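K.L.:
sharing a sequence plus its predicted fold:
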Amino acid sequence: MIVSCLQETLNKGLGVVGRAVPNRSTLPITQNVLIATDQGRLRLTATNLEVAISTWVGSTVEEDGEITVPARLLSEFVNTLRNERVDVKTSTQPHAMELNCARNQARIIGTDAGEFPPIPTVDEGVVAKVSARALKAAIGQVVFAAATEESRPVLTGVKMEIDDDRFTMAAADGFRLAVHHGTLQEAASESVEVIIPGRTMNELNRLLNDEDETVEMVISSARGQALFRFGDVEMVSQLIQGSFPNYSQLIPERYTTRAGLAVDECLRAARTAAIFARDSSGIVRLHIQPGEPGALQFVARADEVGENLAEIDAEVEGDEAKIAFNAKYLTDVLGVIGTDRVALEVTTPSSPGVLRPKDTENYIHVVMPMFVQW
């Protein structure tokens with residue numbers, strides 16, 4: 001292989017695929033990046049066997065070829081170079097890559113590309129298209145609610161439902177539930193429901209931008225894979241097999257008290273309370289008080305540290321109410337709610353609380369209460 005490209009584009013490409021390189025692996029070859037020429041461009045690919053990321057870099061190709069080299073070493077070296085042309089040449093006896101940029105040069109020992117794990121292709125399945133902005137917003141509002149422990153694998157993923165021109169994402173960890181409803185750019189070929197690993201969604205969220213470029217999703221339930229294609233990037237992920245809980249049954253159908261709140265004030269009070277809640281199992285007590293105006297009090301106390309009380313204005317419908325939440329769960333959802341106003345709906349201290357953004361029906365967040373002595 002003999003190619004040349006700009007340091008900036010090569011460095012950016014290595015940064016994209018580097019997200020799929022595992023820090024540790026029982027298969028050492030996965031800590032390499034696969035570099036190959038592909039129709040006049042340079043294709044970079046990395047995989048951790050659960051997700052594979054490929055990206056294409058503009059380059060001048062004089063001779064086709066492919067090789068795999070240690071991803072971290074190559075990325076760190078390229079990152080130190082000036083933004084000038086990088087000339088790349090590979091050899092097969094032994095497998096190695098030579099790089100020259102201005103007055104810098106390096107030789108990196110590699111491995112035959114044939115030893116790299118095969119990268120799956122998803123050519124058939126349900127095809128859906130969505131704007132990158134809409135997909136990024138949806139992932140941001142649900143993925144943090146997915147479980148991180150592997151005791152129930154289905155809860156470590158995000159359930160995606162596609163039906164006509166609508167999609168729904170849901171995530172739950174047993175203590176909270178996040179559900180986002182979005183709109184596709186065009187109707188999907190058929191309906192489908194799958195569970196995508198939370199780690200995949202996190203990496204996809206990092207790669208997406210807030211622009212209006214189109215993301216093409218190809219979901220193959222039969223092969224247990226999903227592909228996301230946008231710009232010069234392709235991501236293929238394994239799906240999680242199993243049955244996701246019927247989350248609609250977890251959403252309360254009614255409430256006795258509803259408080260309309262300013263998100264920035266609510267988030268500030270919750271973060272302050274969280275400081276004192278650290279030494280008391282993260283418990284933050286909320287006291288909703290009707291009136292003109294109504295109020296919401298945040299109370300956090302720890303016997304060995306002290307206590308904090310903060311009060312903000314609230315538009316209260318219904319009766320006085322008390323409920324306690326884990327501080328982290330409260331600050332997590334308030335940080336992604338995406339609107340200026342939020343509604344908190346409560347029934348009893350032992351029933352789930354619900355948070356909804358004001359003036360939109362596309363998101364709902366359910367939080368299980370903590371049991372405390374009032």
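P.N.:
Sure thing, it's come through.

K.L.:
identify the residues contacting Phe144.
P.N.:
171, 178, 332, 336 (Cβ atoms under 8 Å, 6 or more residues apart in numbering). Where C-beta positions appear, they are placed from N, C-alpha and C, glycine not excepted.

K.L.:
check which helix or strand the third one maps to.
P.N.:
Assigned by DSSP states H and E, Asp332 belongs to helix 327-334.

K.L.:
using PDB, write down the CA coordinates of that helix.
P.N.:
The C-alpha trace of helix 327-334 is given here as PDB (Å, rounded to 0.1, in the frame of the first residue of the first chain):
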ATOM      1  CA  ALA A 327     -30.300  13.000  44.000                       C
ATOM      2  CA  LYS A 328     -28.300  11.600  41.100                       C
ATOM      3  CA  TYR A 329     -31.500  10.400  39.400                       C
ATOM      4  CA  LEU A 330     -33.000  13.800  39.800                       C
ATOM      5  CA  THR A 331     -30.000  15.800  38.400                       C
ATOM      6  CA  ASP A 332     -29.500  13.300  35.600                       C
ATOM      7  CA  VAL A 333     -33.000  13.900  34.100                       C
ATOM      8  CA  LEU A 334     -33.100  17.600  34.700                       C
END
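
K.L.:
now the element after it, going C-ward?
P.N.:
Following helix 327-334 in sequence, per DSSP H and E, is strand 341-346.

K.L.:
which elements pack onto that following strand?
P.N.:
strand 257-262, helix 263-277, strand 283-289, strand 353-357 (3 or more Cβ pairs under 8 Å, 6 or more residues apart in numbering; DSSP states H and E).

K.L.:
got CSV for these, with distance to Val78 and mean pLDDT too?
P.N.:
CSV is the format used below for these (distance: least, Cβ to Cβ, whole Å; pLDDT from 0 to 100):
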stretch, distance to Val78, mean pLDDT
strand 257-262, 46, 97
helix 263-277, 39, 95
strand 283-289, 47, 96
strand 353-357, 42, 97
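
K.L.:
tell me how far the helix holding Asp332 lies from the chain's centre.
P.N.:
Centre-to-centre, helix 327-334 and its host chain are 17 Å apart (Cα atoms, centre = their mean, to the nearest Å).

K.L.:
got a list of contacts for that helix?
P.N.:
144-145, 175-176, 178, 263, 266-267, 270-271, 273-274, 277-278, 282-284, 300, 342, 355, 365, 367.

K.L.:
quick check: phi and psi on the closest residue to Val316 other than its chain neighbours?
P.N.:
Distances taken as Cβ to Cβ, 6 or more residues apart in numbering place Gly294 nearest to Val316, at 3.2 Å, with adjacent residues excluded. Note on Gly294: its backbone torsions stand at phi -80, psi 180 [degrees, to the nearest 10].

K.L.:
that concludes my questions; thank you for your assistance.
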